[in-house]
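Enquirer: Pasting a predicted model and its sequence here:
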Amino acid sequence: MAGESTGGDAGTGSDGETGSDGRRAGADGPDRPPALFDETGEPLAAVADRLATADGLFFCTDFDGTLSAIDEDPDAPEIAPDNREALRELRDHDRVRVAVISGRELADLRPRVGIEGIAYAGNHGLEVFRDGATTVHPVAKKRQRDLERIVADLEDRLADTDCFVEDKSVSATIHYRAAPERAEAVHTAVEETVERIAPSGFERSVGKEIVELTPAVAWDKGAALSLLTAEQDDWLPVYVGDDTTDEAAFRELGERGVGIHVGAGEETAADYRIDNPPAVERLLDWFHTEGLAALDRSSSA
Ligand SMILES: O=P(O)(O)OC[C@H]1O[C@H](O[C@H]2O[C@H](CO)[C@@H](O)[C@H](O)[C@H]2O)[C@H](O)[C@@H](O)[C@@H]1O
């Protein structure tokens, strides 16, 4: 897989240390990075220092559980209006690029975010939209027929339950948030169906009350982040995300960038943590005001 970097101290000035597994042992204990918004203001000052010495900022963010709150209905989440406005203001700075990297398919993600002039990666990076053009991972395209059969089979198996399949064209998400007691049965159904139809063709991962089913290719959100930020290698990449598939992006950043995990207690390879989607609003407010002011100091230095 791409993005197997070791993480490491991102020069944050915190007292966290990085273990042999690349995860950070922060002030709050093993595997929990320090809070970005703490009473000292030091973590934010450290990020501002990094912006003040960077040539530019590449601001990348996940969607569900980050730009929007989690909802039982996957069709319901909307981007918080303040988040949309802050991302637009970041986009309009001449030394900032913005990307949204999500497990949702592009056709769903782009209108849901609703911002022109930024990059999007859908289906965990298997689809990339930038500069007006979309590319889809070729192996993912080849697996579409198998995926259709898997989706049809799972829809039959889950027909009389509150669980359902979100068909995303090159990947699928099987949801059990409305029936958490069926989690194990859903995992078993997915495993049996994949084993029968395309045994080595797909990978399964666990998300927030979901199973993510993706083609078995060496590509993930970390690879998408690397691709999108490659041309701006002197810029500071920042990634914000809340779920398991975001960990590949945090690992990909390593010492080069700043990873911010959204959530209370999960293990993460990110450099900092913030609590929840409302804290993301506060984060974006900081980035488009004080963050940009710090970046502007770098151009006048
Ligand atoms: O990478 P992301 O942007 O975080 O997308 C990951 C998955 O998010 C969605 O599922 C999650 O959010 C739903 C709506 O809040 C919620 O009902 C579900 O339980 C969550 O797991 C989305 O539906 C998936 O397609 C994405 O892969």
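Expert: All right, it came through fine. Numbering: from 1, shown residues only.

Enquirer: Helices along the stretch 151-300 of the chain, start to end?
Expert: 183-197, 221-229, 247-253, 277-286, 292-300 (DSSP state H, counting those that start in this stretch).

Enquirer: quick one: which of the ones you listed is nearest the ligand?
Expert: Proximity to the ligand (CB to the nearest ligand atom) singles out helix 221-229 among these, at 7.3 Å. Bear in mind the C-beta positions are built from the backbone N, C-alpha and C, glycine included.

Enquirer: Make a markdown table out of the helices of the stretch 151-300 of the chain and add mean neighbour count.
Expert: Putting the helices of the stretch 151-300 of the chain into a markdown table (neighbours: other CB atoms under 10 Å) gives the following:
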| stretch | mean neighbour count |
| --- | --- |
| helix 183-197 | 16 |
| helix 221-229 | 24 |
| helix 247-253 | 27 |
| helix 277-286 | 19 |
| helix 292-300 | 15 |
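
Enquirer: So, low pLDDT: which residues of the stretch 151-300 of the chain?
Expert: 300 (pLDDT under 70).

Enquirer: In the chain, which residue sits nearest the ligand?
Expert: residue 103 (2.4 Å).

Enquirer: so what's the nearest residue to that residue once chain neighbours are set aside up against?
Expert: Leaving aside its sequence neighbours, residue 103 sits nearest to residue 124 (CB to CB, 6 or more residues apart in numbering; 5.1 Å). Residues counted as contacts of residue 124 (CB atoms under 8 Å, 6 or more residues apart in numbering) are 102, 103, 171, 212, 214, 219, 220, 221, 224, 245.

Enquirer: swap in residue 44?
Expert: Taking CB under 8 Å, 6+ apart, we find residue 44 in contact with 36, 37, 286, 290.

Enquirer: is it true that the first one touches residue 280?
Expert: When you say that, I think you mean residue 36. No - the pair residue 36 / residue 280 is not scored as a contact, 10.7 Å apart, by CB atoms under 8 Å.

Enquirer: What residues does the stretch 201-301 of the chain have near the ligand?
Expert: Along the stretch 201-301 of the chain, the residues adjacent to the ligand under the rule CB under 6 Å from any ligand atom are 207, 208, 209, 210, 212, 243, 245.

Enquirer: between the residues you listed, which is closest to residue 47?
Expert: Nearest to residue 47, judged by CB to CB, of these is residue 243 at 22.1 Å.

Enquirer: Give the ranges of residues in the stretch 1-150 of the chain that sit below the confidence cut-off.
Expert: Residue ranges of the stretch 1-150 of the chain with pLDDT under 70: 1-31.

Enquirer: which residues in it form strands?
Expert: Per DSSP state E, counting those that start in this stretch, the stretch 1-150 of the chain carries strands over the ranges 17-18, 24-26, 29-30, 57-61, 96-101, 119-122, 127-130, 133-136.

Enquirer: about what we covered before: between residue 36 and residue 280, which contacts overlap?
Expert: Contacts common to residue 36 and residue 280, judged by CB under 8 Å, 6+ apart, are residue 274.

Enquirer: Surely residue 67 is in contact with residue 277?
Expert: Yes - if you go by CB under 8 Å, residue 67 and residue 277 touch, sitting 7.4 Å apart.

Enquirer: Done for today, thanks.
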